[in-house]
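> Got a sequence here, can you build the structure:
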Amino acid sequence: DERGWPIDVRVGRHCSTVLETTQAYSDLNPEQPIVLQGIPRYQEVIDNGTGYYFRNPEEAEESQVYYE
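The predicted structure is shown next:
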């Protein structure tokens, strides 16, 4: 909200934290590494904005959109 950190900062931090945590785990457990791909780092989220990484469901294939 207007009193807190912007969403892009929070999303960027969370993405980088997850990537660093999984890398640390993988370094300690090379026989069972966690491999993540396509997750943006903090600076990428700041540069592009969070919305850049979302798909417009109206433009997606129907089989790729899930409704609850």
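> mind checking the longest helix of this protein?
helix 7-28 (DSSP state H).
> name the helices or strands packed onto it?
In terms of contacts (3 or more CB pairs under 8 Å, 6 or more residues apart in numbering; DSSP states H and E), helix 7-28 is packed against helix 42-48. For every residue, glycine as well, the C-beta is placed using N, CA and C.
> by contact count, what packs against the helix it packs on?
helix 7-28.
> Name the residues that touch the helix it packs on?
Residues from elsewhere that reach helix 7-28 (CB atoms under 8 Å, 6 or more residues apart in numbering): 33-36, 39-46, 49-50.
> Make a markdown table out of those and add pLDDT, neighbour count and distance to residue 5.
As requested, the contacts of helix 7-28 are exported to a markdown table (pLDDT from 0 to 100; neighbours: other CB atoms under 10 Å; distance: CB to CB, whole Å):
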| residue | pLDDT | neighbour count | distance to residue 5 |
| --- | --- | --- | --- |
| 33 | 97 | 13 | 31 |
| 34 | 97 | 13 | 27 |
| 35 | 95 | 6 | 29 |
| 36 | 95 | 12 | 24 |
| 39 | 95 | 14 | 20 |
| 40 | 96 | 18 | 17 |
| 41 | 96 | 13 | 17 |
| 42 | 97 | 17 | 12 |
| 43 | 97 | 10 | 16 |
| 44 | 97 | 15 | 17 |
| 45 | 97 | 23 | 12 |
| 46 | 97 | 16 | 12 |
| 49 | 96 | 15 | 14 |
| 50 | 95 | 17 | 12 |
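> And the furthest pair within these?
33 and 49 (30.5 Å; CB to CB).
> Specify the local secondary structure of residue 60.
Of the three states, residue 60 takes coil according to DSSP: H, G, I helix; E, B strand; the rest coil.
> what's the neighbour count on it?
10 (other CB atoms under 10 Å).
> for residue 11, same thing?
17.
> Could you do the one 3 residues further on as well?
Residue crowding around residue 14 was assessed by other CB under 10 Å; the count is 13.
> Looking at it now. What's its pLDDT?
In this prediction, residue 14 carries a pLDDT score of 97.
> Likewise for residue 1?
So, for residue 1, pLDDT stands at 64.
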